[in-house]
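Asker: sequence and computational prediction follow.
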Amino acid sequence: MHNRQIILSKLPQGKLTVDCFLARQAPMPIPGPGDVLLRTLYAPLDAASRAWMQGATYRAGLQAGDIMAATTLAEVVKSHSPLLAAGDLVLAETGWQTFAVVSAANALKQPDIAPRTHLLSVYGVAGLTAYFGLLECGRPRAGETVVVSAAAGSVGSFAGQIARLNGCRTVGIAGGSAKTALLTDRLGFDAAIDYKAENLPEALRRACPEGIDVLFDNVGGDILAACLPHMAKQGRIVCCGAVSQYDAASPPAAPAGIPGLLIVNSLTMQGFLLADFLHQRERALAALTAWVAAGQLTVLEDLITGFDALPAALVGLLAGENIGKRIVQVAEHVA
């Protein structure tokens, strides 16, 4: 048996393209004491992966020749540790490869639920990020207006629904009529704005006549700039992502006038990392599980099959192709 890998063969200059990646075969890795041999089942895709190619962020930057980084859902094939046994499911930093060896101490055991992909979406980074970002940083109160950018994406789709479940009026910003229709028809948003077809400042005035109490921003750039003047007094801006800056040859500058707007309207602007809140993970999972079980939280997953599909799937994600969490099934057969 061989191990298949996809490496970042060159750093992108401008937008990421599939020719920045190269597939190769490597010998099967051999676990040492305390290690586990993992078979990768599913690889989630995140826009932040593109930022890793620009340098260090909350993790080390990627270099040409590196195996493309990713935390994946994997199955233990062989264990040299009492912490895990063959057949266990784990989340681990395997990168884009079909097999990997990691220390058992660095593999987080997962329950075997159906569908397993939920471990990477609603119960994974996307769901937890939406939960903590909105509730701990945004602090929405019933009756307030919450605006979510990239609202049809993996984090945004959950953030908007969680706002609704907490009694808020929810407005989603997305690109294209299909996405905006999905927000109102399936996810329960009160209003949706198509930033590609509408004048965004005018649409925000119509949708948020009393102003925006909480902005859950996944995009930055022009969309953040358009929302800032519409913030209500003592509004809260949650900076979750900056997708507009990840894949641009010339990332947009920060919106002008931010300090003045923050001061005049007594606004709070807060960035965060999921790691800031992981000590509260069980509380969040209990709430997310209850909402899913009750049919109150819709889980959108964009599943693509095939290890070789990974590069094009990431490029497509950055172009906004996905609705919900984009996940690639790496293993040919998943129980």
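Answerer: Looks like it came in fine.

Asker: how many residues are close by residue 44?
Answerer: Number of residues near residue 44 (other Cβ atoms under 10 Å) recorded here: 23. (C-beta placed from N, C-alpha, C; glycine too.)

Asker: equivalent analysis for residue 41, please.
Answerer: Neighbour tally, residue 41, other Cβ under 10 Å: 23.

Asker: the host helix or strand of it: what's the following helix or strand?
Answerer: For residue 41, the enclosing helix or strand under DSSP states H and E is strand 35-44. As assigned by DSSP H and E, the chain's next helix or strand after strand 35-44 is helix 48-51.

Asker: low-confidence ranges in this protein?
Answerer: Counting by pLDDT under 70, the chain contains low-confidence residues at 249-256.

Asker: residue 89 against residue 116, yeah?
Answerer: Yes - with contact defined as Cβ atoms under 8 Å, residue 89 counts as touching residue 116 (7.1 Å).

Asker: any common contacting residues for the two?
Answerer: 41, 73 (Cβ atoms under 8 Å, 6 or more residues apart in numbering).

Asker: what distance do you get for residue 104 to residue 86?
Answerer: 12 Å (Cβ to Cβ, to the nearest Å).

Asker: gap between the nearest residue to residue 27 once chain neighbours are set aside and residue 191?
Answerer: Distances taken as Cβ to Cβ, 6 or more residues apart in numbering place residue 3 nearest to residue 27, at 6.7 Å, with adjacent residues excluded. According to Cβ to Cβ, residue 3 and residue 191 sit 49 Å apart.

Asker: give me the beta-bridge partners of the nearest residue to residue 98 once chain neighbours are set aside?
Answerer: Counting by Cβ to Cβ, 6+ apart, the nearest residue to residue 98 once its immediate chain neighbours are dropped is residue 4, at 4.6 Å. Taking DSSP bridges as the rule, residue 4 bridges to residue 25.

Asker: contacts only, for residue 4.
Answerer: Counting by Cβ under 8 Å, 6+ apart, residue 4 has contacts 23, 24, 25, 26, 97, 98, 307.

Asker: wait, the fourth one touches residue 96, no?
Answerer: No - with contacts defined as Cβ under 8 Å, residue 26 does not count as touching residue 96, sitting 11.8 Å away.

Asker: so residue 34 touches residue 101, yeah?
Answerer: No - taking contacts as Cβ under 8 Å, residue 34 lies outside contact range of residue 101: 10.5 Å.

Asker: for these two, indicate the residue with more neighbours.
Answerer: Between residue 34 and residue 101, residue 101 has the larger neighbour count (other Cβ under 10 Å), namely 19 against 15.

Asker: check contacts around residue 6.
Answerer: Neighbours of residue 6 in contact, by Cβ under 8 Å, 6+ apart: 21, 22, 23, 24, 67, 68, 96, 97, 307, 310, 311.

Asker: neighbour-wise, give me the winner out of those residues.
Answerer: Most surrounded of the contacts of residue 6: other Cβ under 10 Å gives residue 96, at 26 neighbours.

Asker: ok, for residue 30, nearest residue in space, not its chain neighbours?
Answerer: Nearest to residue 30 is residue 101, by Cβ to Cβ, 6+ apart, at 6.9 Å.

Asker: ok, now residue 193?
Answerer: residue 203 (4.4 Å).

Asker: re the thing from before, so the residue nearest to residue 30 belongs to a strand, correct?
Answerer: Yes - the assignment for residue 101 (DSSP: H, G, I helix; E, B strand; the rest coil) places it in a strand.
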